[in-house]
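*Asks:* Could you look at this predicted model? Sequence included:
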Amino acid sequence: MKRVILGIGVVSALALAACTNGGNPTAAEPRSFPSPDAQSVRPNSIERVVEEVLPAVVNVVATSGGGEGEGSGFIVRDDGIIVTNYHVVEGASSVTVLTSEEEPDEYDARVVGGDIQADLAILDVDAEGLPTLPLGNSEGLRLGQQVVAIGYALGLEGGPSVTAGIVSSLAREITVADPNCPVADCGESQERVYTDTIQTDAAINPGNSGGPLVDLAGNVVGINSAGANQAENVGFAIQIDSVEPTIFQAADNPDAPVAFMGIGSTDVGDPQVQFELNPSVDAGALIASVVPGGPADDAGVTEGDIVVEFDGAPIETAEDLGEAIRAHGPGDTVEVVLVREGGERVTIAIELGVNPVPLG
């Protein structure tokens, strides 16, 4: 499979967070998330979207022994649940969130969940009544549809930056260098594969990582994650549909362990996969990456394997596989049916681990 090598880090060593003074407010009843806005688009819609979205965009500052790095994030629940990229907070000893006002409020944050393979982290700050953004539907995106990216590009002073563009492609698989590894020293073991990403020509620069990609109704359709350092006007965002369940689970059950298989996958049925690899099956989840030392690696899963069945349930897409993993708990042993090169079908047992996102 053809790989695109990209750079995604920010200004310094970015970190996995053991963070300070997070705290979850005690609520008498479950919190609710805002509903997507289905209103029609009006003239000057980009200006209107920015005006509505900006208050819920935050600057995420991660501090570690190697210094300080910056990224972006956005608030999805008014009691302080914030979404950002995993690589923004990876290895941090503390995480601080600053709001987008001219004189920003500042909060200590802690990581309460996430997914390394999806480059997702969920933060919690001790606050109430914060402005929020609704999570939209990335499945309904169309090529050529206008989108807006907002974030703290390049760590520049003066607040967040705004860029606008179109959806250039859907369901891209990209390979990125580990942001905490010097480029000259990074081999394949320091690369990460992100699947089902949105490609856009809205500029996404270091520091934009973790910020929202929104449609013209102000709904979040992606999480800005990477920009191509060898090309102009090529940026990538994680599709919101693929990570929404993890966001909800972490928000409702902070600190609860999440099952982990240790793979990245993509749809076998994707036309590009069919054209380039000519797999022996038309449906399933193609293993695009395997975390060294993870449950799948220990069980003998390799890149190029295709998952067609998980614990007795058929798997037709990468989303099916993700949902099946999340439906189990750490320590569960499941039977997984794989199709290998040449059409060989094998059944292996995998003991699921704990998603190694730091909970501080």
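*Replies:* Thanks, I have it. Numbering: from 1, shown residues only.
*Asks:* By average pLDDT, which secondary structure element in this protein comes out worst?
*Replies:* Among the helices and strands of the chain, strand 5-6 carries the lowest confidence by mean pLDDT, DSSP states H and E, at a mean of 36.
*Asks:* If you count neighbours, what's buried in the helix or strand just after that one?
*Replies:* Downstream of strand 5-6, the first helix or strand assigned by DSSP states H and E is helix 45-53. Neighbour-count burial for helix 45-53 flags 45, 49-50, 53 (criterion: 16 or more other Cβ atoms under 10 Å). (Each C-beta comes from the backbone N, C-alpha and C, glycine too.)
*Asks:* Equivalent analysis for stretch 324-338, please.
*Replies:* 324-326, 328, 334, 336-338.
*Asks:* Flag the least confident of those.
*Replies:* Within the set of the buried residues of stretch 324-338, pLDDT is lowest for R326 (82).
*Asks:* All the strands of the stretch 51-200 of the chain, residue numbers only.
*Replies:* 57-64, 67-77, 81-84, 94-98, 106-115, 120-125, 146-151, 161-177, 191-200 (DSSP state E, counting those that start in this stretch).
*Asks:* so who does G210 touch?
*Replies:* 60, 71-74, 83-85, 88, 121, 151, 223-225 (Cβ atoms under 8 Å, 6 or more residues apart in numbering).
*Asks:* Please read the previous query as pertaining to V243.
*Replies:* 115, 118, 120, 223.
*Asks:* And what about S280, helix, strand or coil?
*Replies:* coil (DSSP: H, G, I helix; E, B strand; the rest coil).
*Asks:* does it really touch R345, like I thought?
*Replies:* No: using Cβ atoms under 8 Å, S280 is not in contact with R345; the gap is 9.6 Å.
*Asks:* Give me the common contacts of the two.
*Replies:* Joint contacts of S280 and R345 (Cβ under 8 Å, 6+ apart) are V339.
*Asks:* related to what we said a few turns ago, so which of the contacts of V243 is the most crowded?
*Replies:* I223 (31 neighbours; other Cβ atoms under 10 Å).
*Asks:* Please determine how far that one is located from G293.
*Replies:* 26 Å (Cβ to Cβ, to the nearest Å).
*Asks:* now N59
*Replies:* Distance from N59 to G293, by Cβ to Cβ: 34 Å.
*Asks:* Compare those two (neighbour count), which wins?
*Replies:* More crowded of N59 and G293, by other Cβ under 10 Å: N59, with 23 against 9.
*Asks:* Am I right that that one is in contact with V95?
*Replies:* No: between N59 and V95 there is no contact under Cβ under 8 Å: 11.1 Å.
*Asks:* Going by neighbour count, which of the contacts of G210 are buried?
*Replies:* Among the contacts of G210, those buried by neighbour count (16+ other Cβ under 10 Å) are 60, 71-74, 83-85, 88, 121, 151, 223-225.
*Asks:* Which one of these is nearest to M261?
*Replies:* A121 (18.7 Å; Cβ to Cβ).
*Asks:* Surely that closest one touches T84?
*Replies:* Yes: assessed by Cβ under 8 Å, A121 is found in contact with T84 at 5.3 Å.
*Asks:* got the angle between the longest helix along the chain and strand 120-125?
*Replies:* Counting residues, the longest helix in the chain under DSSP state H turns out to be helix 240-252. For helix 240-252 against strand 120-125, the angle by axes from the mean of the first three to the mean of the last three Cα atoms, to 10 degrees is 40 degrees.
*Asks:* if you average pLDDT over helix 240-252, what comes out?
*Replies:* 90.
*Asks:* Quick check: buried residues in it?
*Replies:* 240-244, 246-248, 250-251.
*Asks:* just stretch 91-104 next, same as before
*Replies:* 91-100.
*Asks:* Mind pulling up the pLDDT for Q230?
*Replies:* So Q230 comes in at 50 (pLDDT).
*Asks:* go on, S138?
*Replies:* The model's pLDDT for S138 equals 89.
*Asks:* That one contacts N219, correct?
*Replies:* No: S138 lies out of contact with N219 (Cβ under 8 Å); the separation is 9.6 Å.
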